[in-house]
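S.K.: Model the following, please.
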Amino acid sequence: MIIKYNIEVDDAAILSNLDRVGNRIFKLLPDREEGKDWETSLRNLIIEVGGMGSLLSDHVDFFHLLCKMESLLSLNKKDDFMDFRKSIFECLNLVKKVKECL
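M.R.: Next up is the predicted model:
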């Protein structure tokens, strides 16, 4: 695939990076349950996914993924955990959709 800077990047490298992002998204669940700093990890992921989206394309699923990830920041109360969990799995499905479009 040719990215924004007219450089060819192997699709396998992009898919591998998306797998890594998906794993980091999933890891937010146990981090939150265990009282770890999941918000910093999430903010870093938002920055990374935004950068990846601008390099690859203006694919609508990148925008949707970023919106969903941003909404996770507002689900930080103890009684919001089920909504947080549901949103994590929706993010993972969006990562899968992006992978399928490559």
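S.K.: Using the three-state scheme, assign Asn21.
M.R.: Careful, residue 21 is Val; it's not Asn. helix (DSSP: H, G, I helix; E, B strand; the rest coil).
S.K.: I figured it was touching Lys96, is that so?
M.R.: No. Using C-beta atoms under 8 Å as the test, Val21 is too far from Lys96 to be in contact (11.2 Å). Bear in mind the C-beta positions are built from the backbone N, C-alpha and C, glycine included.
S.K.: which residues touch the strand or helix carrying Ala13?
M.R.: Following DSSP states H and E, one finds Ala13 within helix 11-33. Outside of helix 11-33, the residues within contact range by C-beta atoms under 8 Å, 6 or more residues apart in numbering are 1, 37-38, 41-42, 45, 48-49, 52, 56, 69, 72, 81, 84-85, 88, 91-92, 95-96, 98-99, 102.
S.K.: Could you give the separation of that helix from the chain centroid?
M.R.: 7 Å (C-alpha atoms, centre = their mean, to the nearest Å).
S.K.: in it, what's buried?
M.R.: 14, 18, 21-22, 24-25, 28, 31-32 (16 or more other C-beta atoms under 10 Å).
S.K.: Just the buried ones among the contacts of helix 11-33, please.
M.R.: Buried among the contacts of helix 11-33 (16+ other C-beta under 10 Å): 38, 41-42, 45, 49, 52, 56, 69, 72, 84, 88, 91-92, 95, 98-99.
S.K.: Leu92: what's it in contact with?
M.R.: Counting by C-beta under 8 Å, 6+ apart, Leu92 has contacts 22, 25-26.
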